[in-house]
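Enquirer: structural data only, the sequence is not supplied:
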């Protein structure tokens with residue numbers, strides 16, 4: 001009897017050991033299979049899309065949130081109720097894990113609503129091909145605001161971002177240029193922000209154009225010529241003052257009659273001359289506005305004097321085809337002298 005009991009216990013131990021061995025073997029097999037499957041998925045996972053422009057700005061969240069807090073606390077405390085973390089989340093949601101060529105205006109709509117704020121009348125300053133000058137001007141003259149001086153523009157200025165369908169959802173290596181795809185995160189953002197900035201303008205609006213670029217001062221393909229000009233509200237905007245910036249010693253192409261016609265037609269405002277059949281600029285009916293004579297020291301000329309310590313001299317007047325006057329300045333340092341032209 002004792003012998004039989006000992007034999008039974010031995011069989012139980014053997015069965016138990018075999019069972020443990022089988023479980024261990026199954027566990028090892030499961031680990032090996034999981035490792036192989038994970039490794040295989042890693043190898044076949046899609047690569048980050050490659051583009052020609054710079055990638056997402058490093059530490060993008062810290063940059064955006066930091067600029068936002070600086071804007072609403074140090075620069076514009078009246079906007080202190082803005083939620084910078086929500087603004088960041090709405091920006092991130094607009095592009096993360098998305099193909100950067102398939103961004104839509106709807107993606108940015110929550111961001112536009114969270115970051116929008118009123119623009120005081122008579123302060124809106126639009127620009128084209130005068131980026132450096134116009135922002136040096138607004139930094140020294142608080143009477144005007146460009147898009148980059150608003151919360152949206154301030155946060156996004158000189159910053160880039162784009163997503164990617166693969167993890168981690170943000171491409172820090174490269175982002176698409178406009179000529180690679182039109183609906184990229186940067187282009188869609190700036191078009192929407194520019195549209196909103198134009199819609200908010202009221203009173204007298206200023207426009208700073210570069211009269212020395214080969215393509216001409218007014219280009220219908222620019223953001224100003226294709227977006228902003230069409231979204232100025234004629235019920236709110238009373239005048240548009242155009243400042244032509246010219247390089248002395250360089251080409252001075254100015255604003256030709258056809259460009260004036262484009263601006264006039266696009267604005268649908270009585271602020272610019274119309275174009276007759278022979279190409280001459282005509283006075284708008286009942287306004288008596290055309291090319292105005294400008295004081296010798298226009299606002300931009302004063303800025304140039306302050307920054308570069310030179311005084312315009314050799315001032316003379318040159319008659320236009322209409323018998324009106326435009327000021328010209330001689331600058332011994334070769335720094336641009338400026339014309340302010342009001343229509």
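Expert: Great, that's in hand. For clarity, every value in this text was computed on a predicted model and none was experimentally measured.
Enquirer: quick one: neighbours of residue 73, just the number.
Expert: Residue 73 has 13 neighbours, counted by other C-beta atoms under 10 Å. All C-beta spots, glycine's among them, are computed from the backbone N, C-alpha and C.
Enquirer: for it, give its distance to residue 150.
Expert: According to C-beta to C-beta, to the nearest Å, residue 73 stands 16 Å off from residue 150.
Enquirer: for whichever strand or helix holds residue 205, packing partners?
Expert: Under the criterion of DSSP states H and E, residue 205 resides in strand 203-210. Where contact means 3 or more C-beta pairs under 8 Å, 6 or more residues apart in numbering; DSSP states H and E, strand 203-210 is packed against strand 125-128, helix 131-140, strand 237-246.
Enquirer: correct me, but residue 50 touches residue 176?
Expert: No: here residue 50 does not reach residue 176: they are 9.6 Å apart, not a contact under C-beta atoms under 8 Å.
Enquirer: who has more neighbours, those two?
Expert: Taking neighbours as other C-beta under 10 Å, residue 50 and residue 176 compare with residue 176 leading, 24 against 9.
Enquirer: quick one, grab the pLDDT at the more buried one.
Expert: pLDDT recorded at residue 176 is 97.
Enquirer: I'd assumed residue 101 was in contact with it.
Expert: Yes: contact status for residue 176 versus residue 101: in contact at 6.0 Å, counting by C-beta under 8 Å.
Enquirer: give the residues shared as contacts by these two.
Expert: Taking C-beta atoms under 8 Å, 6 or more residues apart in numbering as the contact rule, the neighbours common to residue 176 and residue 101 are residue 184.
Enquirer: just to be sure, residue 22 is in a helix?
Expert: Yes: Residue 22 forms part of a helix when assessed by DSSP: H, G, I helix; E, B strand; the rest coil.
Enquirer: and for it, the neighbour number?
Expert: Using other C-beta under 10 Å, residue 22 has 10 other residues around it.
Enquirer: count of residues packed around the residue nearest to residue 122 when sequence neighbours are not counted?
Expert: Leaving aside its chain neighbours, residue 122 sits nearest to residue 203 (3.9 Å; criterion: C-beta to C-beta, 6 or more residues apart in numbering). The local packing of residue 203 (other C-beta under 10 Å) involves 14 other residues.
Enquirer: now residue 203: how far from residue 241?
Expert: Distance of residue 203 to residue 241, given as C-beta to C-beta: 11 Å.
Enquirer: ditto for residue 70
Expert: Distance, residue 70 to residue 241, using C-beta to C-beta: 31 Å.
Enquirer: is residue 69 in contact with residue 85, as I believe?
Expert: No: assessed by C-beta under 8 Å, residue 69 is found out of contact with residue 85, at 9.7 Å.
Enquirer: name the spans of this protein whose pLDDT lies under the cut-off.
Expert: The chain contains residues with pLDDT under 70 at 1-10, 15, 17-18, 32, 34-46, 247-343.
Enquirer: tell me which stretches of it form strands.
Expert: Here the chain has its strands, by DSSP state E, at 53-54, 125-128, 174-175, 203-210, 237-246, 274-275, 281-282, 313-319, 325-330, 337-342.
Enquirer: what residues of the longest one count as buried?
Expert: It stands for strand 237-246. Buried residues in strand 237-246, counted by 16 or more other C-beta atoms under 10 Å: 237, 239-246.
Enquirer: give me the number of residues near the nearest residue to residue 174 once chain neighbours are set aside?
Expert: Sequence neighbours aside, residue 51 is the residue nearest to residue 174 in space, at 4.1 Å (criterion: C-beta to C-beta, 6+ apart). Each residue near residue 51 was counted by other C-beta under 10 Å, and the total is 20.
Enquirer: isn't residue 51 right up against residue 160?
Expert: No: counting by C-beta under 8 Å, no contact exists between residue 51 and residue 160, whose distance comes to 10.6 Å.
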